[in-house]
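**Student:** Need the 3D shape of this:
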Amino acid sequence: MPSKSQSILIGIGTSVILGLALAFVASNAGTIGQSLAGCFSCLVALAAPMVAVWHYTSTYNLTIPAGQGAGMGAAVGAGGAVLGGVLQQLLISIGVFPDPVQRVREMYEAQGMSAEDIEQMMGMMEML
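**Tutor:** Residues are numbered from 1 along each chain as shown. A predicted model of the protein is given here:
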């Protein structure tokens, strides 16, 4: 049986690229952008594994049982989540994406909360 590695890597790449693009839209496009990015991120979770299975079956001109397709999809989902998460943290650390903790602080400040109340809320959120 031909190797599935290349197809899985293509699926992971699809997941990471689309996921990061949607995260960028969500962090920079306001409420409507956040809503749309949230909806489309669900489609990425479905599309990336489908890309991997499509690539594999069309490259080798074969069909595969559902279990093998599900296994490829699971590998794409896990790989995309790990790599995408690492890259997103890297992009936050270099300032491409906003720091989520800072955004929450700014949201509380915009609501008129005092610095003491904000710290208390942040402490409660850390316990979760």
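**Student:** CA only for contacts and neighbour counts going forward, please
**Tutor:** Fine.
**Student:** Disregarding residues adjacent in the polypeptide, which is nearest to residue 53?
**Tutor:** residue 69 (6.1 Å; Cα to Cα, 6 or more residues apart in numbering).
**Student:** helix or strand for the one you found, which one?
**Tutor:** helix 66-93 (DSSP states H and E).
**Student:** Kindly report the same for residue 54.
**Tutor:** helix 30-59.
**Student:** if you average pLDDT over that helix, what comes out?
**Tutor:** The pLDDT scores in helix 30-59 average 92.
**Student:** Distance from the chain centre to it, please.
**Tutor:** 10 Å (Cα atoms, centre = their mean, to the nearest Å).
**Student:** Identify each buried residue in that helix, please.
**Tutor:** Neighbour-count burial for helix 30-59 flags 33-34, 37, 41, 44-45, 47-57 (criterion: 16 or more other Cα atoms under 10 Å).
**Student:** Also compute the angle for that helix relative to helix 66-93, please.
**Tutor:** Here helix 30-59 points in a direction 140 degrees away from that of helix 66-93 (axes from the mean of the first three to the mean of the last three Cα atoms, to 10 degrees).
**Student:** which strands and helices sit next to helix 30-59?
**Tutor:** Here helix 30-59 touches helix 5-28, helix 66-93, going by 3 or more Cα pairs under 8 Å, 6 or more residues apart in numbering; DSSP states H and E.
**Student:** so which of these gets nearest residue 127?
**Tutor:** helix 66-93 (21.0 Å; Cα to Cα).
**Student:** The closest one: how far from the chain's middle?
**Tutor:** That offset, for helix 66-93, works out to 8 Å (Cα atoms, centre = their mean).
**Student:** the inter-axis angle of it versus helix 5-28?
**Tutor:** 40 degrees.
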